[in-house]
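Undergrad: could you look at this predicted model? Sequence included:
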Amino acid sequence: MWKQRYGRIGRSVALTVGVVLTVGVVGGVALAQETSHRMPVESGIFRPSELVEIIRLDPTIRLDIRYATANNFVGRPVYDEARAFLQRPAAEALVQAHRWLKRQGYGIVVFDGYRPWRVTKLFWDVTPPDKRDYVADPAKGSLHNRGCAVDVSLYDLRTGEIVTMPSEYDEMSERAHADYAGGTAEQRRLRDLLRTAMERFGFTVHRYEWWHFDYKDWRLYRVQDIPFTEIPAPVGGASSASPRP
Ligand SMILES: [Zn+2]
């Protein structure tokens with residue numbers, strides 16, 4: 001239904017991408033100029049947000065924040081800081097997955113974590129309607145906006161290199177599907193190893209994106225639009241409530 005409602009708007013937006021993309025970075029993230037969506041209004045009881053920077057919990061988790069570079073599907077930076085945050089329980093689960101993977105010879109590399117809502121809106125606006133299965137509808141918000149989704153891959157502990165998966169990150173094709181049967185056996189093995197590790201610690205994979213994982217408690221957190229620069233610093237360092245093996 002949304003395709004019929006927003007399809008025409010989407011096409012006109014796609015034609016004005018060049019204009020939208022010249023707006024620049026404001027307050028940490030680029031602002032889209034189209035206003036066909038607003039942030040979802042959510043009622044109910046939510047946990048207070050506690051976004052933590054992933055590498056503060058484990059500095060051996062690597063970052064490759066593509067959205068802070070031009071190497072992403074938008075073609076320009078949409079973050080002005082190469083940082084990644086998650087709600088604390090999700091961040092701690094990711095650290096556990098990373099430590100489990102270490103025993104298999106791999107580590108986690110993070111492409112993206114918490115994402116301000118305005119960036120989800122921008123992604124929608126620049127994506128052609130026939131590719132919108134691969135981006136979140138800003139009318140609902142993304143689980144990234146709740147700090148409960150993370151985009152990850154693996155790096156090889158011996159070489160330090162990010163491994164080759166059946167598709168590139170953010171590739172909008174069937175090669176990105178979690179059950180894609182093509183590619184090499186080694187690529188599929190690594191994709192499935194990543195999924196096994198993440199599922200062990202409370203994440204589920206997105207069926208169209210092998211790199212995207214949702215944390216089980218996402219319903220407990222609101223959609224947010226706070227830029228990275230305004231995320232509160234942790235009080236007194238690491239939480240004493242969490243084990244630090
Ligand atoms: Zn994602």
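TA: Arrived safely.

Undergrad: just the CA trace of the host helix or strand of residue 190, in CSV.
TA: Using DSSP states H and E, residue 190 sits in helix 185-200. Extracted in CSV, the C-alpha atoms of helix 185-200 (Å, rounded to 0.1, in the frame of the first residue of the first chain):
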residue,chain,number,x,y,z
ALA,A,185,31.2,-22.0,-0.5
GLU,A,186,33.7,-20.0,1.6
GLN,A,187,31.7,-16.8,1.2
ARG,A,188,28.5,-18.7,2.4
ARG,A,189,30.4,-20.3,5.2
LEU,A,190,31.5,-16.9,6.5
ARG,A,191,28.1,-15.4,6.1
ASP,A,192,26.5,-18.3,8.0
LEU,A,193,29.2,-18.2,10.7
LEU,A,194,28.4,-14.5,11.3
ARG,A,195,24.7,-15.4,11.5
THR,A,196,25.3,-18.3,13.9
ALA,A,197,27.3,-16.0,16.2
MET,A,198,24.8,-13.2,16.2
GLU,A,199,21.8,-15.6,16.7
ARG,A,200,23.5,-17.1,19.7
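
Undergrad: by contact count, what packs against it?
TA: Secondary-structure packing of helix 185-200 (3 or more C-beta pairs under 8 Å, 6 or more residues apart in numbering; DSSP states H and E): helix 88-102, strand 149-156, strand 203-206, strand 209-215. Bear in mind the C-beta positions are built from the backbone N, C-alpha and C, glycine included.

Undergrad: angle of that helix against strand 209-215?
TA: Helix 185-200 runs at 10 degrees relative to strand 209-215, counting by axes from the mean of the first three to the mean of the last three C-alpha atoms, to 10 degrees.

Undergrad: hang on, the earlier thing: most neighbours per residue, which of the helices and strands packed on helix 185-200?
TA: Greatest average neighbour count among those goes to strand 209-215 (a mean of 24), per mean count of other C-beta atoms under 10 Å.

Undergrad: in the sheet, which strands lie alongside that strand, parallel or antiparallel?
TA: strand 149-156 (antiparallel), strand 203-206 (antiparallel) (DSSP bridges).

Undergrad: out of these, which gets nearest to residue 80?
TA: Residue 80 lies closest, by C-beta to C-beta, to one member of the strands paired with strand 209-215: strand 149-156, at 18.5 Å.

Undergrad: hmm, stretch 74-85 in reach of the ion?
TA: No: using C-beta under 5 Å from the ion, stretch 74-85 stays clear of the ion, with a minimum separation of 11.6 Å.
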